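Visitor: Starting from these lines, generate the structure:
(chains A and B)
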Number of protein chains: 2
Amino acid sequence: MRALRRGTNLSRVAGFNEAVVIDAIRRARDGLSRVEISGQTGLSAQTVSNIVRRMLESGLLQEGDRVTQGLGKPRTPLTLHPDGRYAVGVHLDPLMVTIVLVNLRGEVAAHVQRPSPASAEPSEVVADIAAQVPLLLERAGVGIDLVAGLGFASPGPINTEHGTVLDPPHLPHWRYVPVADELAERLGLPVVLDKDVVAAAVGERWTGATLGQANSLFLYLSTGIGAGVAVDDTILRGSTGNAGDIGHLIVDARGPACHCGQQGCIGVTLSPAALVESAVAARVLGGAHLDAVRSADPARVDSSFAALCELVDAGDAGAVGVVDASAVQLAKAITTLANMFDTDVVAVGGPTWMRLGKVYLPRLDDLVQPGLVHRPGTKPVSVVGTALGEDVIAVGAACLVLDHEFAPAVSSIALAH
Amino acid sequence: MRALRRGTNLSRVAGFNEAVVIDAIRRARDGLSRVEISGQTGLSAQTVSNIVRRMLESGLLQEGDRVTQGLGKPRTPLTLHPDGRYAVGVHLDPLMVTIVLVNLRGEVAAHVQRPSPASAEPSEVVADIAAQVPLLLERAGVGIDLVAGLGFASPGPINTEHGTVLDPPHLPHWRYVPVADELAERLGLPVVLDKDVVAAAVGERWTGATLGQANSLFLYLSTGIGAGVAVDDTILRGSTGNAGDIGHLIVDARGPACHCGQQGCIGVTLSPAALVESAVAARVLGGAHLDAVRSADPARVDSSFAALCELVDAGDAGAVGVVDASAVQLAKAITTLANMFDTDVVAVGGPTWMRLGKVYLPRLDDLVQPGLVHRPGTKPVSVVGTALGEDVIAVGAACLVLDHEFAPAVSSIALAH
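Guide: Below is the predicted model of the structure:
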């Protein structure tokens, strides 16, 4: 880290410029010609030509057919070669471990889910992940030599430097587990660990809803609620890699009491358990659901939340009313964050969003815009759903590897220690 | 902007490495030898030697006496030459314009204050600033050829790209004023515009309370309340340069009503007017002060706030109680931000802090630490007062120029458009 405190030299510059070229091609929907790459990156035609030649040889890029448009010169678009490189992504969640194999474009080539890590011993979970990876590769017909590495996304707190999961609140058995070292040893792959929301933000930027957006954030709605933020094309990680903890951000002064002594902290206001409690209070769900969500058993909470979502799907006016009321709180979270980070796009995902996004989304635009301050002129903030669905964090975890290897970053230009 | 989307080349690398060397020297209390610079930056001895020679010639660095310590090799420390370069900083505030001249170390060489821009026409204020600058230089005996530029710090919203002050809420006459162009033309100096809190954060990092801190934030307590944030050695500016707007961050669910419909937004909870209202409610101040703070006349608000601060200074138990209660709200703001940004150090400044910091500071440590989540191990967040006093934003504005010219940044390596 502290990349801006290290100098650079010619060999680091070459790697940086390669990343800048890949990044420009990735953001272009229909590929880019060499001339267009040169225009966008400021690199000379000769430099672009050299970089493109090396990348065609190493299989990272592919060349399309020559296209003649109107009177202009013919144009040969370059795109990322989807099979040029792969990465494995792992999402550790209290209810489920998701493992995906993605190609260089961030497309999922294979996918598997394994239930219930919360009740399992971490060593068993890690061994199971290590056993699944070769099966995934086999199923997709991808050789391990094409796999750039494995990205592991975990709830915080984590220690990114040591690759250790510290003590996430909803994973009681996970205490100082060195997942990165253990998986690297078992699989012979480089492993990178990051927070779940950081991974998701990287994934949405690599291939999803915030592709090409320099200032964007990803809001994750699950048992826990967090944010992954990109400012000026850089993902925020903070001093210990745990940035994005917004659990005690107050989103409703009249919201439920939080153990911190305040009211309406987002963690106790927009969690599935809180929505179920609101539904019980509104007599939309029976009182038995209250015991379930107060049990702190993730499976029981999830089952009660599913009952609420079924009512919403069936068009129950009371259930929809509960969700509508929470849309105001979600909008307050979005405006507070968008004002703080001066963000252009907010992508929302996570299990809560997957179930209720269709109710939330049409309401958010009207609720968010009036809360925005200091947006010069009339630059609205757009709120969109995740483009990566239920696997957003697992795909994001794989994209951590691609991002580390292929995205231009200050760290990619800094001389190593 | 979008620096990470541009490539780089050898000439840009040279400038970047120079900035890395200056940055390393600046952060070292007792200067650095060439060997130490090489160790910290990763640059070769030859590269460091060349850079240092050029900077000694251009007067940016100075060489100390050879020092022999114990059995080690003698060491010749290099420090920034204070008179090597200067910058002018301007802070536009509803009550006052502050203009400073600072040297390369960020030390104030000259200083002037001009009252009441809120009631004056912007064109008059700009003309007055332009007239004051030559007088400052003359008083400090500094030639204009040594001045790297002028930094202008304004409340938001601003347009950093066009150098325009848009329409800050407490400056009713200021509507789309192109301050950067006007001052550049009158003075023949490069002018850079940034938000007040961004300038302050840059200043504290250049020469103040957060020197050398990669992850720090600056909290400004004045008529308006804002934050300037550095994550991983980069100052956050956001999509339009207006990041750090936290006026509607809720810091107390039981706080005063805000026009946004919520309660306890920091802007209506910790402002001087809000503290006076609390004091009136607690019968510490008379009811006449309520009219004053509701008048929206900055001078009347300030005078009522001064009355409260005088009671605090005199040890009035009721007045101290009002401030004590607000320390809890200030701590909530700090924990929310520190959790979100994963920050190591929070520096607090601004007129409210200058008057009440001695009451706040001893209480904050106990109030802040319990609210921190996800700090792996036991890494506390330290809260400190500004090291730059009343002039923090003006000094910060000058440091914007120094930072732009001499600090390593992604933008400093990117090929120009």
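
Visitor: Nearest to chain B: which residue in the stretch 101-250 of chain A?
Guide: A:Gly238 (2.3 Å; CB to the nearest CB). For every residue, glycine as well, the C-beta is placed using N, CA and C.

Visitor: any weak-confidence spans in the stretch 251-400 of chain A?
Guide: Residues of the stretch 251-400 of chain A that meet the criterion pLDDT under 70 lie in A:374-378.

Visitor: separation between the residue in the stretch 1-150 of chain A that chain B sits nearest to and A:Arg53?
Guide: Chain B sits closest to A:Gly42 of the stretch 1-150 of chain A, with a gap of 3.2 Å, by CB to the nearest CB. Between A:Gly42 and A:Arg53 the distance is 19 Å, computed by CB to CB, to the nearest Å.

Visitor: ok, the two, which is more surrounded?
Guide: For the pair A:Gly42 and A:Arg53, the greater number of neighbours falls to A:Gly42 (19 against 12), based on other CB atoms under 10 Å in any protein chain shown.

Visitor: Find the nearest non-adjacent residue to the more buried one, please.
Guide: Of all residues beyond its chain neighbours, the one nearest A:Gly42 is B:Leu415 (3.2 Å), with distances taken as CB to CB, 6 or more residues apart in numbering or on different chains.

Visitor: and if you look at A:Val320?
Guide: A:Val312 (5.7 Å).

Visitor: Kindly report the same for A:Pro298.
Guide: A:Pro94 (4.7 Å).

Visitor: Next to chain B, which bits of the stretch 251-400 of chain A? Give me the list.
Guide: A:251-255, A:260, A:262-264, A:332, A:335-336, A:339-344, A:371, A:373-376, A:379 (CB under 8 Å from any CB of the partner chain).

Visitor: Let's see the PyMOL selection covering just the buried ones among those.
Guide: In PyMOL syntax, the buried subset of these is picked out as below (16 or more other CB atoms under 10 Å in any protein chain shown):
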select buried, chain A and resi 251+252+253+255+260+262+263+264+332+335+336+339+340+341+342+343+344+371+373+374+375+376
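
Visitor: you'd agree A:Gly89 is in a helix?
Guide: No. Secondary structure of A:Gly89 (DSSP: H, G, I helix; E, B strand; the rest coil): strand, not part of a helix.

Visitor: what number of residues lie near it?
Guide: A:Gly89, neighbours per other CB under 10 Å, totals 29.

Visitor: Same check on A:Gly188?
Guide: Each residue near A:Gly188 was counted by other CB under 10 Å, and the total is 9.

Visitor: OK, contacts around it?
Guide: A:Ile144 (CB atoms under 8 Å, 6 or more residues apart in numbering or on different chains).

Visitor: List the buried residues of the helix or strand harbouring A:Arg186.
Guide: Applying DSSP states H and E as the criterion places A:Arg186 in helix A:179-187. The neighbour-count check on helix A:179-187 (16+ other CB under 10 Å) flags A:179-180, A:182-184, A:187 as buried.

Visitor: okay, those residues in TSV with distance to A:Val20 next?
Guide: Formatted as TSV, those follow (distance: CB to CB, whole Å):
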residue	distance to A:Val20
A:Val179	32
A:Ala180	28
A:Glu182	34
A:Leu183	30
A:Ala184	29
A:Leu187	30
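
Visitor: Which single one of those residues is nearest to A:Thr8?
Guide: Closest approach between those and A:Thr8, by CB to CB: A:Ala180, at 26.7 Å.

Visitor: Tell me if I'm right that the closest one and A:Val165 touch.
Guide: No. Using CB atoms under 8 Å, A:Ala180 is not in contact with A:Val165, being 9.2 Å away.

Visitor: Identify the contacts common to those two.
Guide: A:Leu193.

Visitor: Contacts for the one helix or strand A:Asp291 maps to next, please.
Guide: Under the criterion of DSSP H and E, A:Asp291 resides in helix A:288-294. Helix A:288-294 has contacts (CB under 8 Å, 6+ apart) with A:272-273, A:276-277, A:279-280, A:300-301, A:303-305, A:307.

Visitor: Narrow the residues you listed to those that are buried.
Guide: A:272-273, A:276-277, A:279-280, A:300-301, A:304-305, A:307.

Visitor: hang on, the earlier thing: what about the residue of the stretch 101-250 of chain A closest to chain B, how many residues close to it?
Guide: 25.

Visitor: before we move on, what about A:Ala281?
Guide: When neighbours are defined as other CB under 10 Å, A:Ala281 has 12 of them.

Visitor: any idea which helix or strand comes after the helix or strand harbouring A:Val202?
Guide: A:Val202 belongs to helix A:196-207 when assigned by DSSP H and E. Later in the chain than helix A:196-207, the nearest helix or strand by DSSP H and E is strand A:216-221.

Visitor: tell me how far that following strand is from the chain's mean position?
Guide: Offset of strand A:216-221 from its chain centre (CA atoms, centre = their mean, to the nearest Å): 8 Å.

Visitor: ditto for stretch A:217-225
Guide: For stretch A:217-225 - counting by CA atoms, centre = their mean - the centre lies 10 Å from the chain centre.

Visitor: Is any residue of that stretch near chain B?
Guide: No. Counting by CB under 8 Å from any CB, no contacts exist between stretch A:217-225 and chain B, the nearest distance being 10.5 Å.

Visitor: then the helix holding A:Val202 to PDB, C-alphas only?
Guide: Extracted C-alpha coordinates of helix A:196-207, given in PDB (Å, rounded to 0.1, in the frame of the first residue of the first chain):
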ATOM      1  CA  ASP A 196     -17.700  -8.300   0.300                       C
ATOM      2  CA  VAL A 197     -18.900  -4.800  -0.600                       C
ATOM      3  CA  VAL A 198     -15.500  -3.800  -2.000                       C
ATOM      4  CA  ALA A 199     -15.600  -6.900  -4.200                       C
ATOM      5  CA  ALA A 200     -19.100  -6.100  -5.400                       C
ATOM      6  CA  ALA A 201     -18.100  -2.500  -6.200                       C
ATOM      7  CA  VAL A 202     -15.200  -3.800  -8.200                       C
ATOM      8  CA  GLY A 203     -17.400  -6.300 -10.000                       C
ATOM      9  CA  GLU A 204     -20.000  -3.700 -11.000                       C
ATOM     10  CA  ARG A 205     -17.300  -1.500 -12.300                       C
ATOM     11  CA  TRP A 206     -15.600  -4.300 -14.200                       C
ATOM     12  CA  THR A 207     -18.600  -5.700 -15.900                       C
END
